[in-house]
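Trainee: test case, fold it:
(2 chains)
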Amino acid sequence: MPSKLLGRQNRALWFWIFVGPFVLGLTLFTYVPLAWSAYLSFFDAHNTVTPARFVGLDNYMAMLRDDAFTGSLVTFLVFTAFIVPATYVLSLSLALMVNRLPRAQAFFRSVFFLPVACSYVVAALIWKMSIFNGVRFGLANTVLGWFGADQIAWLSTTDPPWYWLVIVTVRLWLQAGFYMVLFLAGLQRVSPRLYEAAAVDGARPGWQVFRHITFPQLRATSVAVVLLLVINAFQAFDEFYNLLADSRGYPPYARPPLVYLYYTALGQGQNLGLGSAGAVILALIIAVVTVVQARWFGLGRKED
Amino acid sequence: MSISRRRLLGTGGGLALAGATATACGSNTGRSGDDRNGKPTLSQWYHQYGEPGTEQAVKRYADDFDDARVEVQWRPGNYDQQTAAALLTKSGPDVFEVNGPTLDQIQGGQVVDLTDLLKEAKDDINPAVLAPKTYQGKVWAIPQVVDMQLLYYRTSMLKDAGVEPPRTLDALVDAAKALTTGDVKGLFLGNDGGPGVLGGTPLNAAGLELITEDGKVGFDDPAAARTLGKLRQLYAEKSLLLGAPSDWSDPAAFTQGLTAMQWSGLWALPQVEKALGDDFGVLPFPKEGAQGRPAVPVGAYGAAVSARSEHKELAKAYVKWLWVEKTEYQEDFALTYGFHIPARMSLAQKAPKLRQGAAGEAVRFATEHGHAEPLLWTPASKVAYQDALSRIIKGGANPESELRSVVRKTAAELRRVQNAQKKS
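Mentor: Model prediction:
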């Protein structure tokens, strides 16, 4: 083989040996479907991935005028407004508490991290069928029963919207441990000298130290955690689908964009053009939000 | 001889790469083509039936077919989605059962015309379930068995509460309220409060249709809003069981005494009979208003042939053999494992299991009051209607304005499919 192509020490060859399979996989399973989906979004594609009838921007107009789709974006916003602060506060508090433990730190770290290993589907089914089922022997209703309260159909009640309690708690339980570990790593990076200096300057341990030393020092970790939380919230599908879907479809509430698009494009309707248009809109929104968020938090900027 | 470390790695890497490419371009599509004896292979899909023995039975039927080797695939999970996706590719089934096919599948040419399979037997197939499988005079799937849903009530609970079995929707609302006590609810219409399972049945009970015979919206009528408003009352008065561990399709909530009445399928009858003996009765969905008539939904899984099959003629021959000619298998399939009504009326009439008691009444409801979902009732219209129904029942939304937007959406869908029909 000409040595020019191979590069010094066959570097070009090695580059492709190591990178090639991943590039191939990425192209085949990510970029091709992505481009295809964008292509489909301009066609009337019922039950076909090789459509013939070009419809221009009709699918986009229909999607943006569709109350169910705009409603699903609102659902996502509400979900984010609940889950991001809740996970942030809970995982930070867990980290602070675990970090102060004089002993058995590893044990508690593992205990709180363990739910991360549980699948969303399994957790959602446990939440739905044993903890928050609507009849008298569900765990939550048993507890209510001790206080003489009426049983509540947690997932079917829209006024007040109890279903949010179920949806938010299941994700909180599943993901808090993971972010706790991120915060623990952040906490361990804070130099003890800062705390000593603060003590010398007369800062009271507790809130004052947390407010002026710990929290500002965790800035990089916090930015990463919030970004990850928002992106994960955008991708919400598993627990929503498993908690609320039944064989006849999905109720019109608590329906995040991915669930709605799943039913539009891949349900019995198989309206792949419309579904793709929705997916493209969603992708654009995610891109814009991420860029704005990264700018705002100064992600990737050099820390001083 | 010594092999240098670099040389060894080089060969290994090359092999790994070659291996990766080979698997990426592999041709394992799950089909094995023709078998050793030269008989072609057909692949047949069924959705997962809950009753034990069904899978073995359909495999036994398939083995008995002489002209081809039939591979039966038993598919758990979201069957409709699986088949819809598989029909887009060549690796899908040749023969498959389908809760349809949908109008888009027919118009898109994804299923094969099966009209000539029914040349002799057409008049013997239950017309209510054959109609949604027929489009422009052609039949696109052969009904396998008829399924229906109906209202189960606990006779003793009704007697204790001094309630008559409800014959009108108003009576149903009152009965559900009277039967609701601390631990027992009056009525179970599914964990979503009814929109999913009821569908168009309440409208049928008010004397309306989802789509009229001439292809127009059939519920643009004040009676529709009035009827759906009464379903809201059931929810608002807390008479409905919600959040039960198993949904409406399973009679567990009814047999465990969580509810006095439950809407469920005919398939649940053997379980209910086993658990409650004769302490139960069955009713159709009660009529509403002066124009109303009782109604039950009927439907049928049908056997269809994929247009992408490589053995279309053989697949058609197999469907004809199994679902038209082999009546003894059809009867076995319908009545030995689960509890369904055979699609052939001659079989349904002579089956002893279907002649007495609650089963006999159910068959009568299906014949006299059965409504199947029209073919023109597309998934998009259905979603719009179900969403609206859910908002009316749970959110207390105004039925008139909700229905107006469903009527608009449905009319648009009807225009779309009628335009597609002109083009094809």
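Trainee: next, whichever residue of the stretch 101-250 of chain B sits closest to chain A: secondary structure please.
Mentor: In the stretch 101-250 of chain B, the residue that lies nearest chain A is B:Gly243 (1.7 Å; CB to the nearest CB). Quick note: C-beta positions are derived from backbone N, CA and C, even for glycine. Secondary structure, DSSP: H, G, I helix; E, B strand; the rest coil: B:Gly243 is coil.
Trainee: likewise B:Met261?
Mentor: B:Met261 - assigned by three-state DSSP - is strand.
Trainee: tally of neighbours for the nearest residue to A:Leu272 once chain neighbours are set aside?
Mentor: Spatial nearest neighbour of A:Leu272, excluding adjacent residues (CB to CB, 6 or more residues apart in numbering or on different chains): A:Ala45 at 4.2 Å. Counted with other CB atoms under 10 Å in any protein chain shown, residues neighbouring A:Ala45 total 26.
Trainee: identify the residues contacting A:Ala45.
Mentor: A:Pro51, A:Asn271, A:Leu272, A:Gly273, A:Ser276 (CB atoms under 8 Å, 6 or more residues apart in numbering or on different chains).
Trainee: please apply the same query to B:Asp80.
Mentor: A:Gly267, A:Gln268, B:Val98, B:Asn99, B:Gly100.
Trainee: which residues are in contact with B:Thr89?
Mentor: B:Arg308.
Trainee: before we move on, the earlier item: relative to B:Ala225, how far out is the residue lying closest to the residue of the stretch 101-250 of chain B closest to chain A once chain neighbours are set aside?
Mentor: Leaving aside its chain neighbours, B:Gly243 sits nearest to A:Gly134 (1.7 Å; criterion: CB to CB, 6+ apart). In this structure, A:Gly134 and B:Ala225 are 28 Å apart, going by CB to CB, to the nearest Å.
Trainee: skipping adjacent residues, who's closest to B:Leu151 in space?
Mentor: B:Leu283 (4.4 Å).
Trainee: give me the pLDDT for the residue of the stretch 51-200 of chain A at minimum distance from chain B.
Mentor: Nearest residue of the stretch 51-200 of chain A to chain B: A:Gly134, at 1.7 Å (CB to the nearest CB). pLDDT for A:Gly134: 82.
Trainee: hang on, it packs against A:Trp162?
Mentor: No: A:Gly134 is beyond contact range of A:Trp162, at 9.7 Å (criterion: CB atoms under 8 Å).
Trainee: now the most centrally placed residue in chain A, what's its secondary structure?
Mentor: Computing the C-alpha centroid of chain A and ranking residues by CA atoms, centre = their mean puts A:Asn232 first, at 1.4 Å. Going by three-state DSSP, the secondary structure assigned to A:Asn232 is helix.
Trainee: now do the same contact list for the residue of the stretch 101-250 of chain B closest to chain A.
Mentor: A:Phe132, A:Asn133, A:Gly134, A:Val135, A:Gly138, A:Ala153, A:Trp154, A:Leu155, A:Ser156, B:Asn191.
Trainee: neighbour count, secondary structure and distance to B:Ala412 for those residues - can I get that in JSON lines?
Mentor: Shown next, in JSON lines, are the contacts of B:Gly243 (neighbours: other CB atoms under 10 Å in any protein chain shown; DSSP: H, G, I helix; E, B strand; the rest coil; distance: CB to CB, whole Å):
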{"residue": "A:Phe132", "neighbour count": "25", "secondary structure": "coil", "distance to B:Ala412": "38"}
{"residue": "A:Asn133", "neighbour count": "24", "secondary structure": "coil", "distance to B:Ala412": "39"}
{"residue": "A:Gly134", "neighbour count": "25", "secondary structure": "coil", "distance to B:Ala412": "36"}
{"residue": "A:Val135", "neighbour count": "19", "secondary structure": "coil", "distance to B:Ala412": "41"}
{"residue": "A:Gly138", "neighbour count": "24", "secondary structure": "coil", "distance to B:Ala412": "42"}
{"residue": "A:Ala153", "neighbour count": "23", "secondary structure": "coil", "distance to B:Ala412": "34"}
{"residue": "A:Trp154", "neighbour count": "24", "secondary structure": "coil", "distance to B:Ala412": "36"}
{"residue": "A:Leu155", "neighbour count": "24", "secondary structure": "coil", "distance to B:Ala412": "32"}
{"residue": "A:Ser156", "neighbour count": "25", "secondary structure": "coil", "distance to B:Ala412": "30"}
{"residue": "B:Asn191", "neighbour count": "27", "secondary structure": "coil", "distance to B:Ala412": "31"}
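Trainee: could you point out which element follows the top helix by length along chain A?
Mentor: What stands out as the longest helix in chain A, according to DSSP state H, is helix A:67-100. As assigned by DSSP states H and E, the chain's next helix or strand after helix A:67-100 is helix A:105-113.
Trainee: centre of the chain versus that following helix, how much separation?
Mentor: Chain-centre distance of helix A:105-113: 23 Å, with CA atoms, centre = their mean, to the nearest Å.
Trainee: I'd like the average pLDDT over it.
Mentor: On average, helix A:105-113 scores 91.
Trainee: how about it: buried residues?
Mentor: A:Arg109, A:Phe112, A:Phe113 (16 or more other CB atoms under 10 Å in any protein chain shown).
Trainee: report all helices and strands that it contacts.
Mentor: The contact analysis (3 or more CB pairs under 8 Å, 6 or more residues apart in numbering or on different chains; DSSP states H and E) places helix A:105-113 against helix A:67-100, helix A:163-189.
Trainee: so of those helices, which one's packed in deepest?
Mentor: Most buried of the helices and strands packed on helix A:105-113, by mean neighbour count (mean count of other CB atoms under 10 Å in any protein chain shown): helix A:163-189, with a mean of 19.
Trainee: low-confidence regions, chain A specifically.
Mentor: A:1-4, A:299-304 (pLDDT under 70).
Trainee: how many residues are close by the nearest residue to B:Tyr385 once chain neighbours are set aside?
Mentor: Excluding its sequence neighbours, the residue lying closest to B:Tyr385 (CB to CB, 6+ apart) is B:Val406, at 5.0 Å. When counting by other CB under 10 Å, one arrives at 22 neighbours for B:Val406.
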